[in-house]
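> A structural model of the following input is requested.
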Amino acid sequence: MPVAIENEEIFESTVNLLNDLGFVINRAAGKLRLQQVPAGSRHLPWVSLFPAIMSVDADTIETMCQQVAKLPVTWPDSVYTLVWQWFDEQAQAKRWDWIQEFGRVRTLENLIQQWDNPNA
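Take a look at the predicted model:
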């Protein structure tokens, strides 16, 4: 499972946040290594996720989520499916808390337009 990236332009606050959340990240041979992730996220493609996450400066989960969502990264379709499956496995109360905190209200017209042209 170890994933290694160059130890350049890494934000110490992000490393500390992830270590506090149960990730095991260390430095070795001039590289930053992701040694372990929390059990519920082991199935995610960390080879592509880890460099993207480490490119943001975050000291809270909220900041990290906002920053990662803005990255110009193209994820494989499997990532969306895996993230949705993880979200779906969470307790319903927890899901609603996240939806209230991070979700957006869209008008019916906007929603239909998005469905008709998802790449717009």
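> every contact and neighbour count from this point should use C-alpha atoms.
Will do.
> centroid-wise, who is the farthest residue in this protein?
Computed with Cα atoms, centre = their mean, the residue of the chain farthest from its C-alpha average is Glu109, at 29.1 Å.
> can you list contacts of the helix of greatest length in the chain?
Longest helix of the chain, by residue count under DSSP state H: helix 77-89. Outside helix 77-89, the residues within contact range by Cα atoms under 8 Å, 6 or more residues apart in numbering are Gly40, Ser41, His43, Leu44, Pro45, Arg95.
> between the residues you listed, which is nearest Glu8?
Nearest to Glu8 among the contacts of helix 77-89: Pro45, at 21.3 Å, using Cα to Cα.
> how many neighbours does that closest one have?
Using other Cα atoms under 10 Å, Pro45 has 14 neighbouring residues.
> ok, it - contacts?
Contact partners of Pro45, counting by Cα under 8 Å, 6+ apart, are Val79.
> low-confidence ranges, the protein, go.
The chain contains residues with pLDDT under 70 at 1, 7, 120.
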